[in-house]
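K.L.:
Turn this into a model:
(one chain, ligands or ions: 1)
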Amino acid sequence: METVATAKSHGGVQGVYRHPSTATGTDMTFAVYVPPHAPGTRLPVLWYLSGLTCTHANVTDKGEYRRACAEAGIIFVALDTSPRGEGVADDPAWDMGQGAGFYVDATQAPWTPHFAMWRYVTEELPALVAGAFPVDMARQGITGHSMGGHGALTIALTCPERFRSASAFAPIVAPSQVPWGAKALGGYLGADRAAWRRHDAVALIEDGARLPELLVDQGAADAFLAEQLRPELLAAACAAAGIPLTLRMQPGYDHSYNFVSTFMADHVAWHAARLR
Ligand SMILES: N[C@@H](CCC(=O)N[C@@H](CSC=O)C(=O)NCC(=O)O)C(=O)O
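P.N.:
Below is the predicted model:
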């Protein structure tokens with residue numbers, strides 16, 4: 001692992017790191033904020049999955065999480081949304097290919113072999129972070145925005161033993177039922193919709209996955225709300241399954257990091273209360 005940059009912030013260290021990934025077969029870059037802490041202590045970790053077109057840098061530059069993480073004593077990890085580079089497949093549109101890995105392991109050409117974001121997020125990066133930073137892997141939370149909210153929800157629902165807390169900002173809750181998701185899951189996983197259900201939060205809940213609770217914030221003025229995000233589908237699935245969902249519709253907020261950053265401290269505090 002190579003250190004790209006570090007800087008002191010709120011008494012802790014914001015770093016950017018790069019490593020050769022066996023999951024994606026490319027170099028991958030990620031960011032870790034380590035808050036001030038006593039030497040030898042291990043801290044809870046909050047994983048942040050970003051949305052379409054993002055790298056680690058969008059939330060690192062615009063997410064405004066560091067003060068809250070410093071106060072709560074939480075390590076914050078942000079990663080890229082896909083493999084990148086020459087020789088990695090891409091799509092002319094911004095909702096597929098590089099910058100749009102959808103947190104799945106592709107089974108279809110031309111996306112195999114590099115698009116293995118599920119394995120990267122659930123196996124390779126946690127092992128790397130656990131060995132290189134003072135994290136307590138018994139205290140993990142996960143969150144994300146939009147496509148990253150989809151990733152956070154599906155990973156938490158699939159690995160409930162690993163995450164004590166899960167939340168999302170404006171997530172794609174039912175990719176099988178919306179244009180972004182149908183395009184991506186069809187491209188990466190093929191036409192068999194049965195394979196899509198393992199990467200669809202609403203379908204996972206319908207199929208029996210459970211979490212103790214969920215926090216979701218959603219901008220009411222989000223241009224993607226009605227066509228791509230559809231939080232009412234998550235609300236219905238959670239109600240039917242008995243999963244306590246706090247869904248906060250935020251008047252006037254759009255889909256941007258102006259929205260994410262406004263509610264970031266709330267999410268960090270919510271996770272911190274569950275990771276103590
Ligand atoms: N380029 C697009 C807009 C793409 C966009 O809004 N991306 C969001 C995530 S959308 C769902 O996953 C985002 O987080 N962008 C990064 C940012 O810094 O704002 C367009 O032209 O409409």
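K.L.:
and residue 164, what is it in contact with?
P.N.:
By C-beta atoms under 8 Å, 6 or more residues apart in numbering, the residues touching residue 164 are 139-141, 274-275. From N, CA and C alone the C-beta is placed, and that goes for glycine too.
K.L.:
Quickly note the distance from it to the ligand.
P.N.:
Computed with C-beta to the nearest ligand atom, to the nearest Å, the distance linking residue 164 and the ligand is 25 Å.
K.L.:
In the sheet, which residues pair with residue 166? Tell me.
P.N.:
Applying DSSP bridges to residue 166 gives these bridge partners: residue 142.
K.L.:
what sits against it?
P.N.:
By C-beta under 8 Å, 6+ apart, the contact list for residue 166 reads 141-143, 152-153, 156-157, 211, 214-215.
K.L.:
likewise residue 19?
P.N.:
The contact partners of residue 19, taken as C-beta under 8 Å, 6+ apart, are 1-2, 27-28, 128.
K.L.:
Who wins on neighbours among these?
P.N.:
residue 28 (23 neighbours; other C-beta atoms under 10 Å).
K.L.:
ok, it touching residue 16?
P.N.:
No - using C-beta atoms under 8 Å, residue 28 is not in contact with residue 16, being 11.5 Å away.
K.L.:
Find the helix or strand that the residue of the chain most remote from its centre is a member of.
P.N.:
The centre of the chain is farthest from one residue, residue 39, which by C-alpha atoms, centre = their mean lies 28.8 Å away. If you go by DSSP states H and E, residue 39 is not part of any helix or strand.
K.L.:
distance of it from residue 134?
P.N.:
Going from residue 39 to residue 134 by C-beta to C-beta, to the nearest Å gives 9 Å.
K.L.:
Identify the bridge partners of the residue positioned nearest the centre of the chain.
P.N.:
By C-alpha atoms, centre = their mean, the chain has its centre lying nearest to residue 49, at 2.2 Å. Going by DSSP bridges, residue 49 is paired in beta bridges with residue 144.
K.L.:
I'd assumed residue 146 was in contact with it.
P.N.:
No - assessed by C-beta under 8 Å, residue 49 is found out of contact with residue 146, at 9.3 Å.
K.L.:
wait, doesn't residue 80 sit right on residue 29?
P.N.:
Yes - taking contacts as C-beta under 8 Å, residue 80 lies within contact range of residue 29: 5.8 Å.
K.L.:
out of those two, which sits in the busier spot?
P.N.:
residue 80 (26 against 19).
K.L.:
Not counting its neighbours along the chain, what's nearest residue 42?
P.N.:
residue 136 (3.9 Å; C-beta to C-beta, 6 or more residues apart in numbering).
K.L.:
I'm done for today, thanks for sticking with me.
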